[in-house]
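Peer 1: Turn this into a model:
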Amino acid sequence: MRKAHIREALVAAGLAALIVLPAQAAKIYPSAGTTSAAFLKIGVGARAVSMAGAFTALADDPYAAYWNPAGLASGYGRAAVFTHNEYFEGLAQEYAGYMLPGEDISFLRNTRFSDGALGLGLNYFHTPKDLERRSGLNEADMLNPVSPVEGKFKAYDLALGAAYGFNYSRDLRLGAGLKFIRQSIDTYSGNTAALDVGALYDFQWLDRQFTAGFTAQNIGPGVKFEEKRFDLPLTFKAGLGHRIYDRGTLLGLDVSKPIDNYPSIALGAEQPFSDRLFLRAGYRYRQHGNELGAFSGFAAGVGFIYERFSFDYAFSPFGDLGAAHRLSLAYRFKGPDKAISRRPSEAVPAAERLEGARRAEYAVTRKPVKISPRGVDYSVEAVSADSGLGRLAFKARQRGGPDAPAPEVLEGRLPPALAMKLPAGYSQLSAWELGGGFWGVAGELELLVRFQEGAAAGKEAILFYMTSSGWRKAAAAENACSAGVCVFSVKVPLSTHYVLAVK
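Peer 2: Residues are numbered from 1 along each chain as shown. Predicted coordinates:
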């Protein structure tokens with residue numbers, strides 16, 4: 001049995017052990033129920049909820065505006081989402097969100113903040129049916145303790161917010177969000193504003209890739225009703241995310257501490273069965289026991305992707321109160337087919353880093369070809385004797401002259417997140433990731449690609465480059481082979497990733 005499968009089995013066993021923890025008398029936190037806007041603690045998005053909310057380090061879609069605003073910098077693209085939550089006891093929650101890449105926002109374009117995304121969200125928690133107003137004056141009447149109906153009223157909570165996350169560096173993403181909050185019940189209402197901040201950090205440990213996350217939610221002055229102000233449910237969360245083997249189970253681990261409750265720990269898992277079908281489950285355990293019983297910490301769900309649509313469902317029980325059912329729908333808009341999925345920078349997400357990568361050494365020659373008030377245009381040529389990408393040539397407006405940083409090229413193999421998106425029937429021979437040294441590139445890159453003749457074994461060798469909508473073929477010159485080595489030249493747009501594949 002593969003070690004990866006053994007690890008997966010151990011993780012599954014641990015998750016099952018958490019789920020069947022024996023029930024114990026839950027201890028109530030001393031200040032429980034003292035905060036306002038409790039609806040802010042109800043998770044949004046069926047995918048995250050079905051993983052028991054263990055999403056602080058996994059947030060990578062428009063719902064990141066709620067879970068961790070730093071996750072908006074994941075490169076998800078322009079998208080709209082909607083979730084309906086059929087909550088227990090006849091309550092309901094609606095959430096609508098929209099995500100817009102930073103490079104599509106004019107005043108952010110050509111700034112370091114353009115390598116990110118804006119997330120907008122509307123969180124609406126309400127009573128679908130009118131509630132009966134009763135004074136309670138007759139409750140002491142032994143013969144007729146039921147007070148008469150004196151009218152009907154509505155109650156709702158609303159949060160309207162905007163968040164932005166961006167790639168601060170190759171490994172670090174940062175984000176923040178501001179939201180306006182309103183609570184209303186009958187003739188009483190209160191308003192306030194709150195701030196969310198978050199961070200995601202990608203790192204390697206034991207030769208495996210992990211993401212650590214942190215977020216502080218609902219930082220604000222509280223909601224004021226009449227003459228009294230009630231604190232918001234300020235919550236601190238830390239999480240860890242990891243995919244335990246290629247194209248396998250995605251794990252999330254969260255520890256959270258709200259100001260009005262004991263700390264809790266959550267473990268969630270997402271298992272892909274294909275590129276379209278996903279099964280999810282999770283468990284959250286609160287220190288001193290879950291208030292509504294051990295089973296109330298469980299969550300499960302399923303997800304399905306069809307072209308640009310994705311559908312998700314989540315089930316979460318609440319003991320004697322019933323259960324919640326969430327249905328989510330997302331649509332990813334088709335954007336322009338950009339040659340690079342983000343601005344040329346060092347901010348490549350952990351899931352897209354090459355595996356077993358080594359840095360290729362290049363001898364670089366820069367020749368100035370044009371000087372203008374806007375800078376110096378150079379003709380740049382980089383040649384390597386030991387890399388499959390033997391030569392790169394391009395024109396760029398760069399600062400620093402001959403002392404400018406050399407182009408950085410990593411050579412290795414595609415990670416699962418990118419390899420599974422290659423066209424059907426193609427398998428990779430080599431892959432390259434471009435880092436620093438490519439800023440200001442004008443036009444296309446001229447590449448000289450070489451590979452061992454035996455590696456192709458008579459198959460067609462094609463160079464692909466990554467775009468915002470997937471892999472695209474590069475039109476290459478015919479292969480020329482000599483002494484067991486084949487080479488071909490090709491012109492391609494600038495991208496973060498290139499792969500040589502055969503079919």
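
Peer 1: List the buried residues for the longest strand along the chain?
Peer 2: Using DSSP state E, we find that the single longest strand of the chain is strand 188-205. Within strand 188-205, the residues scored as buried using 16 or more other CB atoms under 10 Å are 190, 192, 194, 195, 196, 197, 198, 199, 200, 201, 202. Quick note: C-beta positions are derived from backbone N, CA and C, even for glycine.

Peer 1: what does stretch 29-49 give?
Peer 2: Quick answer for stretch 29-49 (16+ other CB under 10 Å): 29, 35-37, 39-49.

Peer 1: Then stretch 165-174?
Peer 2: Quick answer for stretch 165-174 (16+ other CB under 10 Å): 165, 166, 167, 168, 171, 173, 174.

Peer 1: Assess the claim that residue 442 and residue 395 are in contact.
Peer 2: Yes. In this structure, residue 442 is within contact of residue 395 by CB atoms under 8 Å, at 5.0 Å.

Peer 1: Quickly list what's touching both of those two.
Peer 2: The contact sets of residue 442 and residue 395 overlap at residue 377 (CB atoms under 8 Å, 6 or more residues apart in numbering).

Peer 1: Pull out the buried residues from stretch 107-126.
Peer 2: 108, 113-121, 123, 125-126.

Peer 1: Sitting in helices, which of these do you find?
Peer 2: Assignment to helices by DSSP state H places none of the buried residues of stretch 107-126 there.

Peer 1: May I see those residues arranged in CSV, with distance to residue 102 and pLDDT as well?
Peer 2: Converted to CSV, the buried residues of stretch 107-126 look like this (distance: CB to CB, whole Å; pLDDT from 0 to 100):
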residue, distance to residue 102, pLDDT
108, 5, 83
113, 6, 83
114, 4, 81
115, 6, 81
116, 4, 89
117, 6, 93
118, 7, 96
119, 11, 96
120, 13, 97
121, 17, 97
123, 23, 97
125, 30, 94
126, 33, 90
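
Peer 1: Residue 90: which of the residues you listed is nearest?
Peer 2: Among these, residue 126 lies closest to residue 90 (CB to CB), at 10.5 Å.

Peer 1: Go ahead and list the helix or strand containing the closest residue to the closest one other than its chain neighbours.
Peer 2: Spatial nearest neighbour of residue 126, chain neighbours left out: residue 156 (4.0 Å); criterion: CB to CB, 6 or more residues apart in numbering. Here residue 156, judged by DSSP states H and E, is contained in strand 155-167.

Peer 1: Could you list every helix and strand that the helix or strand following that strand packs against?
Peer 2: Using DSSP H and E, the next helix or strand after strand 155-167 towards the C-terminus is strand 172-185. In terms of contacts (3 or more CB pairs under 8 Å, 6 or more residues apart in numbering; DSSP states H and E), strand 172-185 is packed against strand 116-126, strand 155-167, strand 188-205, strand 223-225.

Peer 1: for those, which one sits closest to residue 416?
Peer 2: Closest of the helices and strands packed on strand 172-185 to residue 416 is strand 188-205, at 15.3 Å (criterion: CB to CB).

Peer 1: I figured residue 133 hits residue 149, correct?
Peer 2: Yes. If you go by CB under 8 Å, residue 133 and residue 149 touch, sitting 7.0 Å apart.

Peer 1: and which of the buried residues of stretch 29-49 is nearest to residue 62?
Peer 2: Closest to residue 62, out of all of the buried residues of stretch 29-49 and judged by CB to CB, is residue 45, at 8.3 Å.

Peer 1: OK, contacts around the closest one?
Peer 2: Contact analysis of residue 45 by CB under 8 Å, 6+ apart lists 61, 63, 66, 67, 81, 83, 95, 312, 326, 328.

Peer 1: Make sure residue 53 is actually in contact with residue 254.
Peer 2: Yes. Counting by CB under 8 Å, residue 53 sits close enough to residue 254 to count as a contact (6.5 Å).

Peer 1: anything in contact with each of the two?
Peer 2: By CB under 8 Å, 6+ apart, residue 53 and residue 254 have these common neighbours: 266, 268.

Peer 1: Using CSV, lay out the buried residues of stretch 107-126 together with distance to residue 474.
Peer 2: Listed next are those as CSV, based on distance: CB to CB, whole Å:
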residue, distance to residue 474
108, 30
113, 31
114, 26
115, 24
116, 28
117, 28
118, 32
119, 34
120, 37
121, 39
123, 45
125, 51
126, 53
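
Peer 1: Give me the number of neighbouring residues for residue 387.
Peer 2: Close neighbours of residue 387, defined as other CB atoms under 10 Å, add up to 22.

Peer 1: Quick check: phi and psi at it.
Peer 2: The phi and psi values for residue 387, taken as degrees, to the nearest 10, are phi -100, psi 150.

Peer 1: Apart from its neighbours in sequence, what residue is nearest it?
Peer 2: According to CB to CB, 6+ apart, the nearest residue to residue 387 is residue 360 (3.7 Å).

Peer 1: Just the pLDDT for that neighbour.
Peer 2: In this model, residue 360 is scored at 89, pLDDT.

Peer 1: Contacts only, for it.
Peer 2: Contacts of residue 360 (CB under 8 Å, 6+ apart): 384, 386, 387, 389, 409, 410, 411, 432.

Peer 1: same question, residue 113
Peer 2: By CB under 8 Å, 6+ apart, residue 113 lies in contact with 102, 164, 166.

Peer 1: Turn those into TSV, including pLDDT and distance to residue 240.
Peer 2: As requested, those are exported to TSV (pLDDT from 0 to 100; distance: CB to CB, whole Å):
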residue	pLDDT	distance to residue 240
102	88	27
164	97	24
166	91	22
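
Peer 1: Does residue 185 touch residue 157 like I think?
Peer 2: No. Counting by CB under 8 Å, residue 157 is not a contact partner of residue 185; they are 9.0 Å apart.

Peer 1: Comparing those two, which residue is more hemmed in?
Peer 2: Each of residue 185 and residue 157 has its neighbours counted (other CB under 10 Å); residue 157 has more, 21 against 15.

Peer 1: Let's see stretch 467-475 as PDB, backbone CA atoms only.
Peer 2: Below are the C-alpha coordinates for stretch 467-475, written out as PDB (Å, rounded to 0.1, in the frame of the first residue of the first chain):
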ATOM      1  CA  THR A 467      -3.500  31.000 -19.500                       C
ATOM      2  CA  SER A 468      -6.300  32.300 -17.400                       C
ATOM      3  CA  SER A 469      -8.600  29.700 -19.000                       C
ATOM      4  CA  GLY A 470      -6.300  26.700 -19.100                       C
ATOM      5  CA  TRP A 471      -3.400  25.300 -21.100                       C
ATOM      6  CA  ARG A 472      -2.800  26.500 -24.700                       C
ATOM      7  CA  LYS A 473      -0.700  24.900 -27.400                       C
ATOM      8  CA  ALA A 474       2.300  26.800 -28.700                       C
ATOM      9  CA  ALA A 475       2.900  26.700 -32.400                       C
END
